[in-house]
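Student: make a model of this:
(one chain, ligands or ions: 1)
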Amino acid sequence: MPPEGARKNPNAKGDANLTQKSPAEFFQDNKGIAGFENAGKSLYTTLREFVENALDAAEAIGTLPEIDIAIEEVSVSQYENLIGLRAHVRLDDELYADFESDKAKEKRLAQEAKKAAKATTSGKGGRGGGKREQTKCFYKITVKDNGKGMQHEDIPNMLGRVLSGTKYGLRQTRGKFGLGSKMALIWSKQTTGLPIHIRSALPNQAFISEYLLDIDIEKNEPNVHKENKLSNDEKWHGAELSVTIEGNWTTYRQYVLSYMRQLAIVTPYAQFRFRYTTSSATTSTAKDIDIVFRRRTDIMPALPTATKHHPSAAKENMLLIKDLLSQTREKNLVNFLHKEFTSIPKDLSVRLIEELGYGFDADMHPTEVSDKQATRMQQLLAQARFDDPDGACLSPAGEYNLRLGIMKELGPEWIASFCAPSLACGGHPLVVEACVSLGGRDVKPGFNVFRFANRIPLLFEGGNDVVTRCVQRLNWGTYKIDKNNDKIGVFVSIVSTKIPFKGTSKEYIGDENIEIAEAVDKAIKQCAAQLRGKIVRAQVQRDRNARKKQLTKYIPDVARALFAMLAASADADQPPSKRARISGALWPVDEKWEADVIDQARDGKVTEEVIKAKLEEHVQRSDHEQALEFAMQQSKEGLNELMYLAPKTPELEYVPEIRSETCAFRFLKSAEMR
Ligand SMILES: Nc1ncnc2c1ncn2[C@@H]1O[C@H](COP(=O)(O)OP(=O)(O)OP(=O)(O)O)[C@@H](O)[C@H]1O
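Tutor: Numbers count the residues shown, from 1 in each chain. Okay, the predicted model is just below:
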């Protein structure tokens, strides 16, 4: 039997089991690989796909993103109205799966009461509700942005055809597969049957495109219900997408809110408004949410740029050379290698062609290369050594932005950051940045791992992710961090032209890629080492404070006792040598000096108050001396603290040094700080 939804072999003579499926059918049957495994997760993934498209769209035109996200609960009767069904009053209750006889109801309630009582005494808490099937919940999700919008004619294909999009090239973007919003549409079609509503306008466009469309899953084609051009008096640009789907807010509420919070950390230059509204027909408004994650900076990371393949990509893709040879505009092999790849300067290109040997020459036209010769080229590129790709085409979150986001959302006591140099991963440039923080709001004791890939927060499959594995392997004790009791925040952001996600739902990066694992490990260790320095300094400071406090505590008693001895000596009026000697750091044993002090005590110049002030001054001075000595030991240059300032322009004019009597400011580019 051919699987459901697949078409049989049209050739009557062939195998009756041979069937074809469209990409839309494939993803409909395998929704889980795209993050649509159940109602709750589908709600989360739909929101996420729309928000990430919105961010990509705003950043693409260099606009500070302003994104409105709304989830509205839709009651069953509202839903029935939407699909044109009138709410049905049941005639025969016993026909329905949720029917319960009076006796069965009584029994269930008694059992539930028993369970609830048990849960209260065991302190575990219960959800109640028994086994009865839950009623379906529907939600309308709307995301509006101020991005680049979409061409009127392109909208049906962009949002109604699986595997179509504008982000397939070699450029860092959040989206990649041309799938996300279509999966939301397939899910809405399957669960509510309602189409997607789109409004969009390009910058300076006089009209707003409006579409109501769904997808013909069998043909993988858009199915347009309504198409309009509305006037754009407000000169708005951007997109607004709205779908009504089955979901589960109760179980995924926490994930959605964590996602929003983490997005605010990694994109502090964006402003998000998130609203959740309960259906007025069913519940009170006490569960409604309206949060604004405010923009904290106007500085956006530089836009990522498109790049070429690194030759090491030939290791993983046997067809790459053949594809490039057939598409190139270059007229000879030297230029082909030099221009179609990164990290092949012209002289290296000449050497590579010489190495290819018989049958190749520098002036050969790329179209003259046979299949066999292309395989030889592929082998050589896979084996030869090349410089790592340049990470300049990437747009990392930036240490400044990451720190700012973390400070804003968590307010930790300490924070350290590190940005590793770019590396090659499967022929793609990749940059790892990390921050480690201690303390903060809503941070539990132990590890709190925050993972970001191409500036998307990753919330699921944390246990399998390369970052979590590195965090678990690290010996935190050597950095004076208590992994069980300290509130440790580990933030790792990875950006690349191709993030090696496991699956299309972009949930985690595996641990088996050694280059990435090493880079993540190094970045976290660098942060931990910075924190260790701060922890040691703070410990020394605490010890000094304790010592100072202890000494200060006894000053009044010591001053009183010393003055009493001086006063007694003054009264007795004996030669100094016969008096009890007063020794110690303040009064070296010197008879003339002793006589002077006693005389001054007698004249009222040395009083208990004077002794107290001298003792206090001494404790203060020795504290400063100790602090200075420690600072000198810690750093060759004395007290030296890195601070992060956002450059006003990409190419900042660096002032060499600003000096004052007490401190000096030196401006360094981040690369110089390593
Ligand atoms: N808010 C938006 N503004 C502008 N263009 C958009 C917006 N949302 C979607 N698009 C366009 O529609 C295309 C398809 O989006 P879709 O979410 O299906 O896939 P994607 O973002 O390209 O990749 P992925 O499946 O990895 O998310 C995008 O490539 C983009 O060109």
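
Student: okay, and for this protein, where does confidence drop off?
Tutor: Residue ranges of the chain with pLDDT under 70: 1-13, 86-90, 98, 116-134, 280-284, 573-590, 631-674.

Student: show me it divided up by domain.
Tutor: Here the domain parsing of the chain from automatic domain parsing is 23-81+135-293, 313-383, 399-579+590-640.

Student: so which of these comes closest to residue 101?
Tutor: Residue 101 lies closest, by C-beta to C-beta, to one member of those: domain 23-81+135-293, at 19.4 Å. Just so you know, the C-beta spots here come from the backbone N, C-alpha and C atoms, and that holds for glycine as well.

Student: for the stretch 151-300 of the chain, which residues are neighbours of the ligand?
Tutor: Residues of the stretch 151-300 of the chain lying close to the ligand (C-beta under 6 Å from any ligand atom) are 158-159, 165-167, 175-182, 239.

Student: residues contacting the residue in the stretch 51-200 of the chain that the ligand sits nearest to?
Tutor: Relative to the ligand, the nearest point of the stretch 51-200 of the chain is residue 175 (2.3 Å; C-beta to the nearest ligand atom). By C-beta atoms under 8 Å, 6 or more residues apart in numbering, the contact list for residue 175 reads 49, 52-53, 56, 165, 167.

Student: now do 6 Å
Tutor: Counting by C-beta atoms under 6 Å, 6 or more residues apart in numbering, residue 175 makes contact with 56, 167.

Student: tell me the helices and strands packed up against the longest helix anywhere in the chain.
Tutor: For the chain, the longest helix by residue count, based on DSSP state H, is helix 514-572. Counting contacts by 3 or more C-beta pairs under 6 Å, 6 or more residues apart in numbering; DSSP states H and E, helix 514-572 packs against strand 414-419, strand 423-425, strand 428-438, helix 466-473, helix 591-603, helix 608-634.

Student: could you measure the residue nearest to the spatial centre of the chain against the ligand, distance?
Tutor: Relative to the mean C-alpha position of the chain, the nearest C-alpha, by C-alpha atoms, centre = their mean, is the one of residue 452, at 3.3 Å. Residue 452 sits 16 Å away from the ligand, taking C-beta to the nearest ligand atom, to the nearest Å as the criterion.

Student: the host helix or strand of that residue pairs with which strands?
Tutor: Assigned by DSSP states H and E, residue 452 belongs to strand 446-453. Under the criterion DSSP bridges, strand 446-453 sits next to strand 456-458 (antiparallel), strand 487-496 (parallel) in its sheet.

Student: if we can go back for a sec, most tightly surrounded among the helices and strands packed on helix 514-572?
Tutor: Stretch with highest mean neighbour count among the helices and strands packed on helix 514-572: strand 428-438 (a mean of 25; mean count of other C-beta atoms under 10 Å).

Student: what's next to the strand holding residue 452, contact-wise?
Tutor: 262, 266, 458, 465, 467-468, 471, 484, 488-494, 499.

Student: list the contacts for the closest residue in space to residue 51 that isn't next to it in sequence?
Tutor: Using C-beta to C-beta, 6 or more residues apart in numbering and skipping the chain neighbours, the partner closest in space to residue 51 is residue 143 (5.8 Å). Residue 143 makes contacts with 50-51, 54, 69, 241, as judged by C-beta under 6 Å, 6+ apart.

Student: can you give me the helices in the stretch 151-300 of the chain?
Tutor: Using DSSP state H, counting those that start in this stretch, the helices of the stretch 151-300 of the chain run over 155-160, 180-191, 249-266.

Student: mind checking which of the ones you listed is nearest residue 31?
Tutor: Using C-beta to C-beta, those put helix 180-191 closest to residue 31, at 6.9 Å.

Student: ok, now how distant is the residue nearest to residue 422 when sequence neighbours are not counted from residue 142?
Tutor: Nearest residue to residue 422 in three dimensions, chain neighbours excluded: residue 391, at 2.6 Å (C-beta to C-beta, 6+ apart). Residue 391 sits 36 Å away from residue 142, going by C-beta to C-beta, to the nearest Å.

Student: the more surrounded of those two?
Tutor: residue 391 (22 against 19; other C-beta atoms under 10 Å).

Student: ok, the more buried one touching residue 431?
Tutor: Yes - counting by C-beta atoms under 6 Å, residue 391 does reach residue 431; the two are 4.9 Å apart.

Student: which SS class is residue 79?
Tutor: Put simply, residue 79 is helix when judged by DSSP: H, G, I helix; E, B strand; the rest coil.

Student: what's the spacing between it and residue 97?
Tutor: Taken as C-beta to C-beta, the span from residue 79 to residue 97 is 18 Å.

Student: tell me which of those two has more neighbours.
Tutor: Between residue 79 and residue 97, counted using other C-beta under 10 Å, the more crowded position is residue 79 (22 against 6).

Student: so where does the nearest residue to the more buried one once chain neighbours are set aside fall, helix or strand?
Tutor: Once flanking residues are discounted, residue 79 sits nearest to residue 138: 4.8 Å by C-beta to C-beta, 6+ apart. Assigned by DSSP H and E, residue 138 belongs to strand 137-144.

Student: near the ligand, anything from that strand?
Tutor: No - Strand 137-144 does not reach the ligand (C-beta under 6 Å from any ligand atom); its nearest approach is 7.2 Å.

Student: residues of the chain that sit close to the ligand?
Tutor: Looking at the ligand, the residues of the chain close enough under C-beta under 6 Å from any ligand atom are 49, 53-54, 57, 145, 147-150, 158-159, 165-167, 175-182, 239.

Student: now which of those residues would you call buried?
Tutor: 49, 53-54, 57, 145, 147-150, 158-159, 165, 175-182, 239 (16 or more other C-beta atoms under 10 Å).

Student: circling back to that earlier point, now the residue nearest to residue 422: how far from residue 305?
Tutor: Applying C-beta to C-beta to residue 391 and residue 305 gives a distance of 11 Å.

Student: what's the answer for residue 608, then?
Tutor: 75 Å.

Student: what about residue 501, how many residues nearby?
Tutor: Residues lying near residue 501 (other C-beta under 10 Å) number 18.

Student: pairing partners for the strand holding residue 138, with directions?
Tutor: Using DSSP bridges, strand 137-144 pairs in its sheet with strand 66-74 (antiparallel), strand 238-247 (antiparallel).

Student: using CSV, list the CA coordinates for it.
Tutor: The C-alpha coordinates for strand 137-144 follow below in CSV (Å, rounded to 0.1, in the frame of the first residue of the first chain):
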residue,chain,number,x,y,z
CYS,A,137,-7.0,25.1,22.4
PHE,A,138,-6.6,27.5,19.5
TYR,A,139,-4.4,30.6,19.2
LYS,A,140,-4.0,33.4,16.7
ILE,A,141,-0.3,34.3,16.4
THR,A,142,0.6,37.7,14.8
VAL,A,143,4.0,39.1,14.3
LYS,A,144,4.6,42.5,12.8
